[in-house]
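1. the sequence and its predicted three-dimensional model are supplied below.
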Amino acid sequence: MTNLPPLPSSLTLGLRRGKIEIRQFVRQRESVVFTLLFPLILMAIFGSVFTGEIAFGVTFSQYFLAGMIATGLVNSGFQQLAINIPMERDDGSLKRLRGTPMPVASYFIGKTILVLASIVFQVFFLLLGGLIFFDIRLPSTGAKWLILAAILFIGTAGSTALGTAFSSIPKNGRGASALVTPLVIVLQFFSGVFFVFTQLPQWMQQFAALFPLKWLCQGIRSVFLPDEFAQNEVAHSWETGKTLLVLSIWFVIGLAFSIRTFKWDRN
Amino acid sequence: MSVIDVKDLRKSYNGLAAVDGIDLTISQGEIFALLGPNGAGKTTTVEILEGFRSRDSGNVTVLGFDPQATGIDARRFRDRIGIVLQSTSDAGDLTVAETVHHFQSYYSNPRMAEEVIAAVGLTEKSNSLIRVLSGGQRRRLDVALGIVGNPELLFLDEPTTGFDPEARRAFWELVKDLRNTGTTILLTTHYLDEAEALADRVGVINRGKIVEIAAPSELGGRDTSMAYVRWVVDGVSYEERTNSPTAVIRRISADIKGEIPQLIVSRPSLEEIYLEMIGHAESTEILTKEVSGA
C-alpha cells in the first residue's frame, strides 16, 4: 500500500478542474446568458445614448468597446470569484476539496480557465454584436490582435488572482456581494469604463492609475482605436509596455495574497 | 500496527483549552467511535487528525505522516485518507457520476467510480443531477466521494444524520464491508446505537479530555455492572438491582406459578452509561472549579 503510483500533476488536475468548473457554470442557464451577453448589453445602452465622434473618426461605440471588454474581465473574474468563493466556503464544497490530494494550485488554475473561457465568449459576442449593430472596427493588424490576446490573458490571470485574494475578506457569501459590487462599480467609473477617461477630473485619473482597471481599458483601447488617438490619452502614448507591466504586477500581488490568505473553511 | 498515534495533544482557542491532553492509538482495521457532547473537543481532535487544523502541542502521527504536513507530503497524506464531512450544500449542477469520476481523478490509486456508486446504492441515480437527490442520497454521495480514493483510513463525521432506519442499516453494512477489506475507520456520531453496532472500541471525550476508551460492551464497567430485574404482580411493578439476576428469577419463579408477568432483565444501555459518564465528568469539573476558586 505504501508504494502508490505517482499523483497526477497540479497542471493535469488544474485542467480537469477547469473542465468541471465550466460544466457547472454552463448548467446555470440564466446566469450563462446574462454573463456572456453582459458586455454587449452595456454596449447597446451606451452606443444608443452617446452617438457621434470623439476625435480622429473614433465613435463613442468604438471608444467604449475597451471599457465593455474590461468590464467583462472584472465582472467574471474579480467580482464573480470574490462572491462565489465565499459561497463555496459556506456550503462546505471548498472544505471537501481540501480533504483530497488536489493541490490549491489546481483549484486556482481551474478558476482561471473558467474565467478565460467566459471572457473569450464575451468578447466574441461583443465584437459580433458590435459589427452588426454599431459598425465598430476590428483591430487592423496581427500585432494588435496579439497585444489584445496578451492583455486578455494577463488581465484574466490578474482578475482571477485578485478575486481569489479578495475572497478571504468577506465573512460569508451573503455579505460578499454587498462588499464587492459597489467597489467594482466605483472603480469602473474612475477608470473610464463609462466615460472618456481624459474627461474625468485629474485626481480621479491619478487615483484610477493605481489600479489595474484603468490600464486594462487603456491597453484594450490601443488595439481598437487608430494610432493617432494615442495623443488624446493622458500620456499622449498608449504605454503598452507599462500597461503589461502594471497588469503583471497586479497579477503577482493577487497571487501572493491568494496563496497566503486563502481560506478553505469559515473557521 | 497503529494507524493513528496521538500523545498529549493540546489545542486552545483564545486561552480556552478545547483539547486538553489527549492520548489515542487506533490500530489498522479497527472501527473507532469518538463520542462526546457538542463542544467536548471531538471535532477539534478529528480535524487535527485530518490535517484541517493545527495543534498547539503534542505528537500526532497518522499513517506515518504529520497531518500538518504541507506541499507534496500533504498530497501524499490525503491520497491515503478519505474524509466524509457533514453534508455540503452546493448548487449540485453536476451528476452523481460526473462528480465521482472527477474526484476519482485526484487520487493515485482510486477505486472504480461505478463500483463506488454501486457500493453506496446510487447506481440508479448515476446520471441524476446532485440537486435532485434526497438528503439521504446526497449523504451517500458524500460517502462515495470519501471512499473513491481507496483510503486506508476513513473519517466519518456524523455519517447517518437524516437517514431513515433502513438506510442506516444499509450504511452500517457498507462500513463493515470497508473494515473487512482492511480500512481503518474513525467515526464520530451522536447515535449510541450506531457506535454500539459498528465500533470495536469507543472513546468518550468530554471537556477536552478522554474519559474512557473501551469496547462498547465494556464501557463504564457495563459488562460487570448491576442488572435490573423488573416484573409485575397484581398490577404492582417491582424492580430489583442485582449482581445475580438468575438467582432473583429463580426466587420469583418459586413464588409465581407459570409465566412471570412482564419480566425484563436488563443491563444499562450504552446511552445510559454514556450519559452517566458525561454527567459525572461535568460535575467533577464543576467541583474542581469551585475548589480551586475558593
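-> Ah, there it is.

2. mind listing the helices for the stretch 101-250 of chain A?
-> Under the criterion DSSP state H, counting those that start in this stretch, helices of the stretch 101-250 of chain A are mapped to A:104-133, A:142-166, A:173-190, A:202-208, A:212-224, A:240-261.

3. so of the ones you listed, which one's packed in deepest?
-> Ranked by mean neighbour count under mean count of other C-beta atoms under 10 Å in any protein chain shown, the helices of the stretch 101-250 of chain A are led by helix A:212-224, which reaches a mean of 26. Glycine gets a C-beta too; all of them are placed from N, C-alpha and C.

4. per-residue pLDDT of A:Ala105, please?
-> pLDDT, A:Ala105: 93.

5. which residues touch the nearest residue to it once chain neighbours are set aside?
-> Closest residue in space to A:Ala105, ignoring its immediate chain neighbours: A:Ser10 at 4.4 Å, by C-beta to C-beta, 6 or more residues apart in numbering or on different chains. With contact set as C-beta atoms under 8 Å, 6 or more residues apart in numbering or on different chains, A:Ser10 has these partners: A:Pro103, A:Ala105, A:Ser106, A:Ile109.

6. which of the helices of the stretch 101-250 of chain A sits closest to B:Pro268?
-> B:Pro268 lies closest to helix A:173-190 among these, at 45.9 Å (C-beta to C-beta).

7. and the contacts of that closest one?
-> Outside helix A:173-190, the residues touching it (C-beta under 8 Å, 6+ apart) are A:67, A:71, A:74-75, A:78-79, A:82-84, A:86-87, A:89-91, A:166-167, A:169-170, A:194-195, A:200, A:204, A:207-208, A:211, A:213-214.

8. again, only using 6 Å
-> With contact meaning C-beta atoms under 6 Å, 6 or more residues apart in numbering or on different chains, helix A:173-190 is reached by A:Val74, A:Gln79, A:Ala82, A:Ile83, A:Pro86, A:Met87, A:Asp90, A:Pro170, A:Met204, A:Ala208, A:Leu213.

9. show me the contacts for the second one.
-> When the contact criterion is C-beta under 6 Å, 6+ apart, the partners of A:Gln79 are A:Val180, A:Val184.

10. cool, the last one as well?
-> Contacts here follow C-beta under 6 Å, 6+ apart; on that basis A:Leu213 touches A:Leu187, A:Ser191.

11. kindly provide the distance from the nearest residue to A:Gly77 once chain neighbours are set aside to A:Ala82.
-> Distance criterion C-beta to C-beta, 6+ apart; nearest residue to A:Gly77, sequence neighbours excluded, is A:Ser159 at 2.8 Å. Note on A:Ser159: its distance to A:Ala82, by C-beta to C-beta, to the nearest Å, is 10 Å.

12. circling back to that earlier point, measure the residue nearest to A:Gly77 to chain B for me?
-> To chain B, A:Ser159 is 22 Å away according to C-beta to the nearest C-beta, to the nearest Å.

13. next up, phi/psi of the residue nearest to A:Ala105, please.
-> Backbone torsions for A:Ser10, taken as degrees, to the nearest 10, come to phi -60, psi -40.

14. how about stretch B:135-145, does it get close to chain A?
-> No - using C-beta under 6 Å from any C-beta of the partner chain, we find that stretch B:135-145 stays clear of chain A, coming within 7.0 Å at best.

15. any residue of stretch B:60-73 touching chain A?
-> No - if you take C-beta under 6 Å from any C-beta as the test, stretch B:60-73 misses chain A, and the best it gets is 7.9 Å.

16. now do that stretch: distance to the chain's middle.
-> Offset of stretch B:60-73 from its chain centre (C-alpha atoms, centre = their mean, to the nearest Å): 23 Å.

17. any idea how far the residue nearest to A:Gly77 is from A:Arg17?
-> Taken as C-beta to C-beta, the span from A:Ser159 to A:Arg17 is 18 Å.

18. for the helix or strand harbouring A:Val32, enumerate the helices and strands it packs against.
-> Here A:Val32 sits within helix A:29-49, counting by DSSP states H and E. Helices and strands touching helix A:29-49, by 3 or more C-beta pairs under 6 Å, 6 or more residues apart in numbering or on different chains; DSSP states H and E, are helix A:60-73, helix A:104-133.

19. okay, buried residues for that helix please.
-> Neighbour counts over helix A:29-49 (16 or more other C-beta atoms under 10 Å in any protein chain shown) mark A:Thr35, A:Leu36, A:Leu37, A:Phe38, A:Pro39, A:Leu40, A:Leu42, A:Met43, A:Ala44, A:Phe46, A:Gly47 as buried.

20. setting aside sequence neighbours, what's the nearest residue to the last one?
-> Distances taken as C-beta to C-beta, 6+ apart put A:Ser61 closest to A:Gly47, at 4.1 Å, once the chain neighbours are dropped.

21. quick one: the strands in the stretch 1-150 of chain B?
-> Remark: strands assigned in the stretch 1-150 of chain B by DSSP state E, counting those that start in this stretch are B:2-13, B:16-27, B:31-35, B:57-62, B:81-84.

22. close to chain A, is the second one?
-> Right, strand B:16-27. No - Strand B:16-27 stays clear of chain A (C-beta under 6 Å from any C-beta), getting no nearer than 11.5 Å.

23. give the pairing partners of that strand; include direction for each.
-> strand B:2-13 (antiparallel) (DSSP bridges).

24. buried set for the partner strand?
-> Those would be B:Ser2, B:Val3, B:Ile4, B:Val6, B:Leu9, B:Arg10, B:Lys11, for strand B:2-13 by 16+ other C-beta under 10 Å.

25. the fifth one reaches B:Gly58, doesn't it?
-> Same thing as B:Leu9. Yes - if you go by C-beta atoms under 6 Å, B:Leu9 and B:Gly58 touch, sitting 3.7 Å apart.

26. how about the residue in the stretch 151-294 of chain B that chain A sits nearest to, what does it touch?
-> At 6.0 Å from chain A, B:Glu152 is the closest residue in the stretch 151-294 of chain B, using C-beta to the nearest C-beta. Counting by C-beta under 6 Å, 6+ apart, B:Glu152 makes contact with B:Arg80.

27. and it, its phi and psi?
-> B:Glu152 has phi and psi values of phi -80, psi -30 when expressed as degrees, to the nearest 10.

28. good, wrapping up.
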